[in-house]
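A.B. asks: Pasting a predicted model and its sequence here:
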Amino acid sequence: MPTPMSTTPPLRIAVQKSGRLLDESIELLKECGIKIDNGRDQLKAPARNFNAEVLYLRNSDIPQYIQDGVADIGIIGENTLIEKEKDHEVVLKLGFSKCRLSLATPRGMAYGGIRSLHGQRIATSYPNSLRAFLSKQGIEADIHEISGSVEIAPNIGLADAICDLVSTGSTLFKNGLEEQDVILKSQAVIAASPKIDAGRRAILDQLVFRIKSVLAARNQKYVLMNVPEASIQEVIALLPGMRSPTVLPLAEAGWSSVHSVIAEDRFWDIIDRLRAAGAEGILIVPIAKMIV
Ligand SMILES: Nc1ncnc2c1ncn2[C@@H]1O[C@H](COP(=O)(O)OP(=O)(O)OP(=O)(O)O)[C@@H](O)[C@H]1O
Ligand SMILES: O=P(O)(O)OC[C@H]1O[C@H](OP(=O)(O)OP(=O)(O)O)[C@H](O)[C@@H]1O
Ligand SMILES: [Mg+2]
């Protein structure tokens with residue numbers, strides 16, 4: 001008689017099948033040590049060394065799958081979750097695919113604030129987000145839903161204004177448009193299903209722990225430097241460190257090796273001050289993972 005399996009079923013992770021989110025989503029899972037066994041065009045793939053499987057789906061379908069509990073979690077933009085208005089819980093912000101949903105009008109067109117859009121035609125792929133925003137402002141406009149290439153709409157006489165995602169602003173610029181008002185800001189997140197069960201929630205907790213370690217490491221650098229004895233206190237005062245810097249004696253008397261961790265965004269500012277304080281031979285090393 002075969003023994004019944006008592007293991008928890010795998011955590012079903014929805015990712016975008018193709019598009020802007022796919023590469024960074026898969027890279028993140030990889031950095032969490034999760035190996036996915038998928039052949040070409042295989043839309044459901046098990047992880048080899050973690051109790052999970054990856055579902056490759058259309059981005060715009062993911063919120064529905066999450067609400068229904070067909071997927072336990074998804075890696076998806078906040079903009080899509082807001083637009084689709086399905087039940088979900090945002091578990092963790094991932095810091096990539098940052099963009100904003102904005103209103104834009106033809107460059108040079110007189111624009112006196114959102115009021116100017118009253119009675120106008122606005123093309124968008126985000127009708128729900130736009131409708132909610134306009135109704136809060138008491139504006140009535142003719143929302144024209146299109147599924148892509150929204151920036152072309154004013155140029156072909158389809159609309160007076162558009163509402164679409166903006167990141168660098170280059171698509172707006174190239175199409176003769178000017179960003180006017182930001183409706184919402186977005187980045188990729190982990191969203192969980194309201195129907196996730198306790199067993200899979202425990203797997204999700206493990207995954208979130210790993211992702212936090214990966215994200216923390218991305219923002220930090222490990223620094224090593226040689227410091228003369230007389231400068232040690234001054235250098236230590238400049239270094240944040242996880243607890244306090246590590247100070248190790250060098251073979252040459254009167255010198256120490258000082259190790260610490262510095263946030264990426266404070267990096268150049270601190271490096272200049274360390275050099276001024278007498279630190280030499282400064283090495284900056286990427287951190288693979290940082291347990292937080
Ligand atoms: N220019 C951009 N810069 C940064 N992030 C963006 C940008 N454009 C879109 N995104 C983010 O990436 C997500 C996926 O965008 P993408 O264009 O790949 O898919 P889509 O066409 O919106 O959806 P589907 O997969 O359903 O066709 C968006 O929902 C948004 O969160
Ligand atoms: O401000 P930018 O950096 O220029 O980015 C904005 C553009 O990026 C997105 O389109 P995408 O390239 O994803 O094409 P799509 O319409 O095929 O989804 C978005 O819909 C904008 O058109
Ligand atoms: Mg797009």
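C.D. replies: Here it is on my side, so go on. Numbers count the residues shown, from 1 in each chain. Ligands and ions are numbered 1, 2, ... in the order given.

A.B. asks: what's near enough to touch residue 146?
C.D. replies: By C-beta atoms under 8 Å, 6 or more residues apart in numbering, residue 146 lies in contact with 123, 124, 125, 153, 158. (Glycine included, C-beta is placed from N, CA and C.)

A.B. asks: Ok, residue 64 next?
C.D. replies: Shown in contact with residue 64 (C-beta under 8 Å, 6+ apart): 84, 86.

A.B. asks: helix, strand or coil for it?
C.D. replies: Three-state call for residue 64 (DSSP: H, G, I helix; E, B strand; the rest coil): helix.

A.B. asks: pLDDT score assigned to it?
C.D. replies: Confidence at residue 64, expressed as pLDDT, is 98.

A.B. asks: Poorly predicted segments of the protein, please.
C.D. replies: Applying pLDDT under 70 to the chain picks out residues 1-6, 39-40, 241-242.

A.B. asks: for it, which helix is longest?
C.D. replies: Across the chain, the longest stretch assigned as helix under DSSP state H is helix 198-218.

A.B. asks: other SSEs contacting it?
C.D. replies: Contacts defined by 3 or more C-beta pairs under 8 Å, 6 or more residues apart in numbering; DSSP states H and E place helix 198-218 against strand 11-16, helix 22-31, strand 89-93, strand 188-192.

A.B. asks: picking up where we left off before, give me the buried entries from the contacts of residue 146.
C.D. replies: Among the contacts of residue 146, those buried by neighbour count (16 or more other C-beta atoms under 10 Å) are 123, 124, 125, 153.

A.B. asks: Pull out the buried residues from stretch 183-197.
C.D. replies: Using 16+ other C-beta under 10 Å as the test for burial, stretch 183-197 gives 183, 184, 186, 188, 189, 190, 191, 192, 193, 196.

A.B. asks: related to what we said a few turns ago, and the furthest pair within the contacts of residue 146?
C.D. replies: By the measure C-beta to C-beta, 125 and 158 form the most distant pair in these, at 13.1 Å.

A.B. asks: Near ligand 2, which residues of the chain are found?
C.D. replies: 20, 148, 149, 151, 164, 165, 166, 167, 168, 169, 170, 171 (C-beta under 6 Å from any ligand atom).

A.B. asks: would you say the second one is within a helix?
C.D. replies: No. Residue 148: not assigned to a helix; according to three-state DSSP it is coil.

A.B. asks: contacting residues around it?
C.D. replies: Per C-beta under 8 Å, 6+ apart, neighbours of residue 148: residue 125.

A.B. asks: And it, how far from residue 120?
C.D. replies: Separation of residue 148 from residue 120 (C-beta to C-beta, to the nearest Å): 21 Å.

A.B. asks: what residues go with each domain of the chain?
C.D. replies: Following automatic domain parsing, one finds the domains of the chain at 11-96+188-217, 99-186, 220-286.

A.B. asks: for the ones you listed, which one sits closest to ligand 1?
C.D. replies: Using C-beta to the nearest ligand atom as the measure, domain 11-96+188-217 is the one of those that comes nearest ligand 1, at 2.1 Å.

A.B. asks: Centre of the chain to that closest one, how far?
C.D. replies: The chain centroid and the centroid of domain 11-96+188-217 are separated by 12 Å, computed with C-alpha atoms, centre = their mean, to the nearest Å.

A.B. asks: now swap in stretch 265-280 and tell me
C.D. replies: 29 Å.

A.B. asks: quick one: contacts of that stretch?
C.D. replies: For stretch 265-280, the external contacting residues (C-beta under 8 Å, 6+ apart) are 219, 221, 223, 225-228, 230-231, 234-235, 238-240, 258, 262, 282, 284.

A.B. asks: And the strands in the stretch 151-292 of the chain?
C.D. replies: Secondary structure of the stretch 151-292 of the chain (DSSP state E, counting those that start in this stretch): strands located at 161-166, 177-186, 188-192, 220-228, 246-249, 255-263, 280-286.

A.B. asks: Adjacent strands (with direction) for the shortest one?
C.D. replies: In the sheet, strand 246-249 lines up against strand 255-263 (antiparallel) (DSSP bridges).

A.B. asks: Between helix 198-218 and the partner strand, find me the angle.
C.D. replies: Interaxial angle, strand 255-263 versus helix 198-218 (axes from the mean of the first three to the mean of the last three C-alpha atoms, to 10 degrees): 130 degrees.
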